[in-house]
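Undergrad: this one's sequence-less:
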């Protein structure tokens, strides 16, 4: 595994390592540097993903919801289940469903056996949209997503131990 050093070209590493002790900060710099790196990477990738998805008139959360529905057998799920799977507040899911329904990407229908429950179902138009978006992301040309082409599986594998350590494997 690569361990960054003071001679690193990464200014975050160089700056933090050079200043940590000098500023009298307690503990090690690694928790700050790791969490800061994750946050910066998230912001950069979210911005690039938003730009790529704009062509399909969907946002990040809409993309995740549509892909989640496309992966479910039958293409439908309860609002609460979508909220848990996506780690998004139920109100946010309802508002998102309103937007996607207005674009005819999803529909709502009553549950077959539980009148209290509403199911959200991906439409053919929603499937087509998410198919095009997934194909575009697989062969992204937008910086920095283009730099990840061919690396997504390795990136996912590298993140798995961290996700497991923080309990992000329970659905």
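TA: Received, thanks. Computed from a predicted model, the values in this text were never measured in an experiment.

Undergrad: ranking helices and strands of this protein by mean pLDDT, which lands last?
TA: Using mean pLDDT, DSSP states H and E, the weakest-scoring helix or strand in the chain turns out to be helix 11-19, at a mean of 78.

Undergrad: off-centre distance for that helix?
TA: Its chain's C-alpha centre and that of helix 11-19 lie 28 Å apart, by CA atoms, centre = their mean, to the nearest Å.

Undergrad: check stretch 145-157 too.
TA: With CA atoms, centre = their mean, you get 14 Å for stretch 145-157.

Undergrad: how about stretch 142-162?
TA: With CA atoms, centre = their mean, you get 12 Å for stretch 142-162.

Undergrad: check stretch 116-130 too.
TA: Per CA atoms, centre = their mean, the centroid offset for stretch 116-130 relative to its chain is 19 Å.

Undergrad: how long is it end to end?
TA: 29 Å (CA to CA, to the nearest Å).

Undergrad: need the contact partners of it.
TA: 56-58, 63, 66-67, 69-70, 74-79, 82, 97, 100, 103-111 (CB atoms under 8 Å, 6 or more residues apart in numbering). In this view, the C-beta of every residue, glycine as well, is placed from N, C-alpha and C.

Undergrad: and the average pLDDT for it is what?
TA: In this model, stretch 116-130 has a mean pLDDT of 94.

Undergrad: identify each buried residue in it, please.
TA: 119, 120, 122, 123, 126, 129, 130 (16 or more other CB atoms under 10 Å).

Undergrad: farthest pair in these?
TA: Longest distance between any two of the buried residues of stretch 116-130 is 19.3 Å, between 119 and 129; criterion CB to CB.

Undergrad: my guess is residue 44 meets residue 144, correct?
TA: Yes - using CB atoms under 8 Å, residue 44 is in contact with residue 144, at 6.0 Å.

Undergrad: by contact count, what packs against whichever strand or helix holds residue 38?
TA: In this assignment (DSSP states H and E), residue 38 forms part of helix 30-54. On a contact count with 3 or more CB pairs under 8 Å, 6 or more residues apart in numbering; DSSP states H and E, helix 30-54 meets helix 11-19, helix 60-71, helix 124-138.
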